[in-house]
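J.: requesting a structural model of the entry that follows:
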Amino acid sequence: MAITETSQDKSAGGTCLMGEETTANDENVAKTKPSPKLTLLPLVFLIFYEVSGGPFGVEDSVKSGGGPLLALLGFLIFPLIWSIPEALITAELATSFPENGGYVVWISSAFGPFWGFQEGFWKWFSGVMDNALYPVLFLDYLKHSFPVLNHVAARVPALLVITFSLTYLNYRGLHIVGFSAVLLAVFSLCPFLVMALLAVPRIRPQRWLFVDFKKVNWRGYFNTMFWNLNYWDKASTLAGEVESPGETFPKALFGAVLLVMGSYLIPLMAGTGALSESSSGEWSDGYFAEVGMLIGGVWLKGWIQAAAAMSNLGLFEAEMSSDAFQLLGMSEIGMLPAFFAQRLVT
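T.: Below is the predicted model of the structure:
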């Protein structure tokens, strides 16, 4: 009889402990709600910043192409033979492997973990080196208005504040970064829409047909094309954070292709159509600010310069997101220590 009572007590005690554990688990789950998934619009603009960030840097296509014709044809044709196929491959693989890590997972599945790790390490290393440039470029735009940033004593703390602030924003959640990318892109692209509208009365379509093959620098021309129409696979490392990736990823890539093409072609058509053919040799990095001044005035030049500075913040955020979730994905498949997969508890 005593044995029976003891068993009952133990059973009751076990039930209480299980109930307490269940309650504790429920509380832990409630405390660690997953971050909201990326929806279509933020993903479009994150891909936009992974690939482009705006027309800053495409100006050299006019100079190296010997005039507007090859530049415009390049940004019409190269997306068809390069960007769209790469985007389609990314869409197919990202929906087949809807998990973080992207191309690391693809390579591992095809060729094994050794080559998957090689892909992951060198992609990450390249991304870190690339991302280190954007805060510096941001300050380079600001130092024209704030000369104090030319001094090391002010420049280094400013770089640290910018870097840590943007990194913390990324740490707070990818959905926050996504909507930040939307706002930054709207601010960065609006001055070019205004410039295009102001240029309409001055545009002469025959200027778009000008080309001087004696001045064509084919190496510089192709380099500009590939540099500004590449890296569609970078967003694949975020596939595990996308809502309904099978539907969202293909739509987002299609939208991003159109957005990138438009962000290049509209400013180029406005600038080259409104200005004389003789100015083709002056088109180099940063020349859109001068085009804005010639078409709209000093205020438009300042807006374009501010847009270029802010675009660097979007580029930093997009690259940081891609690199961070690549490491998370590599950790989830056992290529890196588990702490790389830790998330912010909300």
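J.: which residues in the chain form helices?
T.: 2-31, 40-51, 60-64, 68-78, 84-96, 103-111, 113-131, 133-142, 152-172, 174-199, 218-228, 245-274, 287-295, 298-332 (DSSP state H).
J.: next, the angle from the fifth one to helix 103-111.
T.: Which is helix 84-96. Angle between the axes of helix 84-96 and helix 103-111 is 80 degrees (criterion: axes from the mean of the first three to the mean of the last three CA atoms, to 10 degrees).
J.: next, the buried residues of helix 84-96.
T.: By 16 or more other CB atoms under 10 Å, the buried positions in helix 84-96 come out as Ile84, Glu86, Ala87, Thr90, Ala91, Leu93, Ala94, Thr95. C-beta coordinates here come from the backbone N, C-alpha and C atoms, glycine included.
J.: wait, the fourth one touches Asp233, no?
T.: Right, the one you point to is Thr90. Yes: with contact defined as CB atoms under 8 Å, Thr90 counts as touching Asp233 (4.8 Å).
J.: where does pLDDT dip in the protein?
T.: Scanning the chain with the threshold set as pLDDT under 70 gives 1-34, 344-346.
J.: which two from the buried residues of helix 84-96 end up farthest apart in space?
T.: The span of the buried residues of helix 84-96, defined through CB to CB, is set by Ile84 and Thr95 at 16.4 Å.
J.: returning to what we had before: got the buried residues of helix 84-96 as CSV, with distance to Pro36 columns?
T.: Shown next, in CSV, are the buried residues of helix 84-96 (distance: CB to CB, whole Å):
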residue, distance to Pro36
Ile84, 30
Glu86, 28
Ala87, 25
Thr90, 23
Ala91, 22
Leu93, 24
Ala94, 19
Thr95, 20
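J.: OK, contacts around Ser322?
T.: Listed by CB atoms under 8 Å, 6 or more residues apart in numbering, the contact partners of Ser322 are Glu50, Gly127, Lys234, Ala235, Thr237, Leu238.
J.: leaving out chain neighbours, which residue sits closest to the last one?
T.: Once its chain neighbours are removed from consideration, Leu238 has its nearest residue in Phe325; the separation is 5.2 Å (CB to CB, 6 or more residues apart in numbering).
J.: over to the fourth one?
T.: Of all residues not flanking Ala235 in the chain, Ile47 sits nearest, at 4.6 Å (CB to CB, 6+ apart).
J.: for the one you found, list the residues it contacts.
T.: Trp232, Lys234, Ala235, Ala252, Leu253, Ala256.
J.: for these, pick the one with the most neighbours.
T.: In terms of neighbours by other CB atoms under 10 Å, the contacts of Ile47 top out with Ala235 at 30 neighbours.
J.: so that one sits against Val44, correct?
T.: No: checked against CB under 8 Å, the pair Ala235 and Val44 is beyond contact range at 9.8 Å.
J.: what about stretch 287-307, start to end distance?
T.: The straight-line separation of the ends of stretch 287-307 (CA to CA, to the nearest Å) is 13 Å.
J.: outside of that stretch, which residues touch it?
T.: Contacts of stretch 287-307 (CB under 8 Å, 6+ apart): 54-56, 59, 141, 144, 187-192, 194-195, 198-199, 202, 267, 270-271, 274-275, 282, 308.
J.: swap in 6 Å and give it another go.
T.: Applying CB atoms under 6 Å, 6 or more residues apart in numbering, the contact partners of stretch 287-307 are Glu59, Tyr141, Ser188, Pro191, Met195, Leu198, Ala199, Gly271, Ala274.
J.: go on, stretch 231-241?
T.: Residues contacting stretch 231-241 (CB under 6 Å, 6+ apart): 38, 47, 50-51, 86-87, 90, 94, 98-100, 102-103, 174, 245, 322, 325-326.
J.: same question for stretch 137-153.
T.: Ala154, Arg155, Ala158, Gln305, Ala308, Ala309, Asn312.
J.: quick one, what contacts Pro245?
T.: Pro245 sits next to Thr95, Pro98, Ala239 when contact means CB under 6 Å, 6+ apart.
J.: same question but for Trp124, I mixed them up
T.: Per CB under 6 Å, 6+ apart, neighbours of Trp124: Asp323, Gln326.
J.: just the buried ones from the contacts of stretch 137-153, in ChimeraX syntax?
T.: Only the buried entries of the contacts of stretch 137-153 go into this ChimeraX selection, using 16+ other CB under 10 Å:
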select :155,158,305,308,309,312
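J.: phi and psi next, for Trp283.
T.: phi -70, psi 110 (degrees, to the nearest 10).
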